[in-house]
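Undergrad: have a look at this fold, sequence not included:
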């Protein structure tokens, strides 16, 4: 017993220590990728627009004249100090961009995750409970098709639908310009800011803008959640403890909800890391479709301008977020399920 | 003929949902293969054709005679681009999936069989690649490859390949490790079989079973990635080939003018083909995978068993 309780802190420390090589490797990968780029990044992005001296000065400022190993070291130590460098095109610190646009991406992804959980989990439970019925078939088909439809296609269909059925419903952006100007910035998350300001009409405006992008992005992971909970329910319904509960004469409804469903939901936690990775990738497409002013739109804008420094900075952030979350999920999982610790 | 029957045997044993998934999926996939192969005969015009018989196409004309699905704002015929899009999609999917399969298989076998520091290094690299959001990885690679060798089928397929290598690597490595410890491999080694034979005959044969399922499911995912790259302007350029994702990025700008036909058809093509591939993958999984498989009980007559 003592060994078991002692193993949890050890497991957590082990996982946290794993962060170091994971983050280091990820950063190295991002750095190497960006250096494979042909020629000189400064010429590639602002070549025709600045005189040669200015280009040289930009190169010097970005440290591109240093030997590769020095650049690598500067990049790593910069990231550790929370400095992701500056863009080539407009010389803005990447951290500034993350502060200004990260809130929009956070708002979108959290709303999408909530939508997917609220829709996906109950549907998965239902499909598993009533296996091989028409409802099961329908729900599974919904899961497959919602994953098969590209985000931007669903987005376009929603836009066409709302344009015709609810003319005047906001289709693009995070809010109307008035809301953006009147709500004071505290958290950089517009929804929270509007609630803090106590501005009811602004909150409604933000929510109306949020609805379609959040549903569109949420559908991406809805199918995965359905599939997972369905399989879990099938397994728990056949488990010995469910059989034992039935044998004790507990009513079937209670057996299903209290014993089978609850245990079927636990493994969902293990895939949250994967879902976050999917959501971040999907956010790029969703933001592009709905002109959402988040980090994904920024990434695409800088890619179009061939701004390697900006792309490197934003990708670094995404990579770190995913690695950190996946390790956190491992730890949470160990807290819930003692078997993981061994 | 006997071997053909052998291949079909698991299918004849399927029942209900699995059989329907497999059948419907196959019909859809075959439909798109026909479109892709016969595009030159099926499509009324070329994918970048803006006039016929000296008459220019109308800009963004609604569906009607002459243009079954209308034209877009680049004067292209939408139906022709949908048909040729199948060709581009299949080219990229086949290239991406087979290349990542080969690389992942070889690395996985080496990693699992040799072990040691090679294994540890490969696992770490693959873990990092695997944890990275797939689409972002494809975006970065697509961007870099397009800069380096120009946008086209090869760079799009290359960007997609990177995402799936870790998946094959993981599956192949773990089943190699478990098979390595099994008695029949030990027996082969005890008989003096060289490493090459053990890997080639026993491990490879053991691992290859899981490939069709992952392969088809990856093909579905690869098509979505290709479309996403095209939508973001990092995929195939409109004059090099018809690509559904690119067409949808143009269609997004048409929404506010109430033009629906430029987006609907290429979008439906993606949904249909991805669904078809997914159904085949899932159906195969329930047919091949003994854990999920439900066998149909066949009537056996006495004569048959005595044969």
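TA: Received, thanks. Bear in mind that the values here come from a model prediction, so they are computed numbers and not experimental data. Numbers count the residues shown, from 1 in each chain, chains lettered A, B, ... in the order given.
Undergrad: what pLDDT, on average, does the one helix or strand residue B:86 maps to get?
TA: Element membership for residue B:86, per DSSP states H and E: helix B:78-114. The average pLDDT within helix B:78-114 is 91.
Undergrad: go on, stretch A:152-171?
TA: Rounded to a whole number, the mean pLDDT of stretch A:152-171 is 92.
Undergrad: repeat for stretch A:251-259
TA: For stretch A:251-259, mean pLDDT is 85.
Undergrad: isn't residue B:105 up against residue B:170?
TA: No. Look at residue B:105 against residue B:170 with CB atoms under 8 Å: they stay out of range, at 11.5 Å. (Each C-beta comes from the backbone N, C-alpha and C, glycine too.)
Undergrad: of these two, who's got more company?
TA: A count of neighbours by other CB atoms under 10 Å in any protein chain shown puts residue B:105 above the other of residue B:105 and residue B:170, at 21 against 18.
Undergrad: check what contacts the helix or strand that comes right after the helix holding residue B:86 and list those residues.
TA: Counting by DSSP H and E, the next helix or strand C-terminal to helix B:78-114 is helix B:116-131. Residues outside helix B:116-131 that contact it (CB atoms under 8 Å, 6 or more residues apart in numbering or on different chains): A:21-22, A:25-26, A:29, A:273, A:277, A:322-323, A:326, B:107, B:110-112, B:137, B:162, B:165-167, B:169-170, B:173.
Undergrad: again, 6 Å this time
TA: A:25-26, A:29, A:322, A:326, B:111, B:166, B:169 (CB atoms under 6 Å, 6 or more residues apart in numbering or on different chains).
Undergrad: got the angle between it and helix B:78-114?
TA: Angle, helix B:116-131 to helix B:78-114, by axes from the mean of the first three to the mean of the last three CA atoms, to 10 degrees: 150 degrees.
Undergrad: give me the buried positions along helix B:116-131.
TA: B:119, B:122-123, B:125-131 (16 or more other CB atoms under 10 Å in any protein chain shown).
Undergrad: distance from that helix to the middle of the chain?
TA: How far helix B:116-131 lies from its chain's middle: 24 Å, per CA atoms, centre = their mean, to the nearest Å.
Undergrad: which residues sit against the helix or strand that comes right after it?
TA: Where DSSP H and E defines the elements, the next helix or strand beyond helix B:116-131 is helix B:134-149. Helix B:134-149 is contacted by residues A:33, A:37-38, A:281, A:303, A:318, B:155, B:158-160, B:162-163, B:225, B:228-229, B:234 when judged by CB under 6 Å, 6+ apart.
Undergrad: restricted to helices, list those.
TA: Mapping those onto helices (DSSP state H) picks out A:33, A:281, A:303, A:318, B:155, B:158-160, B:162-163, B:225, B:228-229.
Undergrad: format those residues as a markdown table; extra columns: pLDDT and neighbour count.
TA: Shown next, in a markdown table, are the ones in helices among the contacts of helix B:134-149 (pLDDT from 0 to 100; neighbours: other CB atoms under 10 Å in any protein chain shown):
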| residue | pLDDT | neighbour count |
| --- | --- | --- |
| A:33 | 80 | 18 |
| A:281 | 91 | 25 |
| A:303 | 87 | 22 |
| A:318 | 90 | 23 |
| B:155 | 86 | 23 |
| B:158 | 90 | 23 |
| B:159 | 90 | 26 |
| B:160 | 91 | 31 |
| B:162 | 89 | 21 |
| B:163 | 89 | 24 |
| B:225 | 93 | 28 |
| B:228 | 94 | 27 |
| B:229 | 92 | 28 |
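Undergrad: can you list the residues that contact stretch A:260-278?
TA: A:125, A:221, A:229, A:232-233, A:236-237, A:242, A:322, A:325-326, A:329, A:333, B:133.
Undergrad: from those, pick the one nearest residue A:339.
TA: residue A:333 (9.8 Å; CB to CB).
Undergrad: look up how far chain B lies from the closest one.
TA: Distance, residue A:333 to chain B, using CB to the nearest CB, to the nearest Å: 15 Å.
Undergrad: for chain A, what's its nearest residue on chain B.
TA: residue B:135 (3.1 Å; CB to the nearest CB).
Undergrad: count of neighbours near that residue?
TA: By the measure other CB under 10 Å, the count of residues near residue B:135 is 26.
Undergrad: that older thread, and chain A, is the helix holding residue B:86 touching that?
TA: No. Figure legend: helix B:78-114 not in contact with chain A (CB under 6 Å from any CB of the partner chain); closest approach 12.2 Å.
Undergrad: which secondary structure elements does that helix contact?
TA: helix B:16-37, helix B:39-42, helix B:153-180, helix B:211-231, helix B:261-288 (3 or more CB pairs under 6 Å, 6 or more residues apart in numbering or on different chains; DSSP states H and E).
Undergrad: quick one: end-to-end length of stretch B:225-236, please.
TA: This stretch, stretch B:225-236, spans 12 Å end to end (CA to CA, to the nearest Å).
Undergrad: residues in contact with that stretch?
TA: So stretch B:225-236 is in contact with A:150, A:152, A:285, A:300, B:92, B:135, B:138, B:142-143, B:156, B:160, B:243-246, B:248-249, B:270, going by CB under 6 Å, 6+ apart.
Undergrad: rerun that using 8 Å as the cut-off
TA: A:150-152, A:284-285, A:288, A:300, A:303-304, B:88-89, B:92-93, B:96, B:134-135, B:138-139, B:142-143, B:146, B:151-153, B:156, B:159-160, B:163, B:243-249, B:270.
Undergrad: with that, I have no additional questions.
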